[in-house]
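> fold the following.
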Amino acid sequence: MQVCVVYAGRTRDDSRLKAIADAFAHGIGTQGHQVDVINAYDSEARLTRYDYVVLGSEPVSFFSAKVPEIVSKYLAGAGTVSGKRCFAFITGGLRKGKALLNLMKAMEGEGMILKLSEIIKKPEEAMAIGKRLNVERNN
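Numbers count the residues shown, from 1 in each chain. Modelled structure (predicted):
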């Protein structure tokens, strides 16, 4: 299956979030799936061809529960995302739960089907989740 891990940090060059996204991709890749990592700031990549989408972000500031505007902008221009099965994750911040809820609302607003969501703090956690994440379509 084709899977992509999209990440959208506070800034274009968020190395911590990129490390978590890369670890997530590596974990999913151990299951034998093709995985691409996409930075929402740098990419015009369409999500249409992917079977499963993992989207990660972080709050715009430590005390905020808002996710970066690039998330909504990217999803709006990412091709056909309606009906895509997906996983959402948030890192950092004081109000992580509320930020995760806001990320999920943005994804569901585009018609994406959320299967799971998680608050991830370290790349090791992301890799472990990626190794056991069921991206196959259950008939």
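> report how many residues lie close to Leu101.
Leu101: 16 surrounding residues under other CB atoms under 10 Å. Glycine gets a C-beta too; all of them are placed from N, C-alpha and C.
> which helices and strands sit right next to the strand or helix carrying it?
Under the criterion of DSSP states H and E, Leu101 resides in helix 96-109. Applying 3 or more CB pairs under 8 Å, 6 or more residues apart in numbering; DSSP states H and E, we find helix 96-109 packed against strand 52-57, helix 70-76, strand 85-90, strand 113-119.
> residues in contact with the most centrally placed residue in the chain?
By CA atoms, centre = their mean, the chain has its centre lying nearest to Leu55, at 1.1 Å. Contacts for Leu55 (CB atoms under 8 Å, 6 or more residues apart in numbering) come out as 5-8, 71, 86-89, 103, 107.
> ok, back up a step: and the helix holding Leu101, what's buried?
96, 99-104, 106-107 (16 or more other CB atoms under 10 Å).
> would you reformat those residues as JSON lines and include distance to Ser61?
Below are those laid out as JSON lines (distance: CB to CB, whole Å):
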{"residue": "Lys96", "distance to Ser61": "13"}
{"residue": "Ala99", "distance to Ser61": "10"}
{"residue": "Leu100", "distance to Ser61": "16"}
{"residue": "Leu101", "distance to Ser61": "17"}
{"residue": "Asn102", "distance to Ser61": "13"}
{"residue": "Leu103", "distance to Ser61": "15"}
{"residue": "Met104", "distance to Ser61": "19"}
{"residue": "Ala106", "distance to Ser61": "17"}
{"residue": "Met107", "distance to Ser61": "21"}
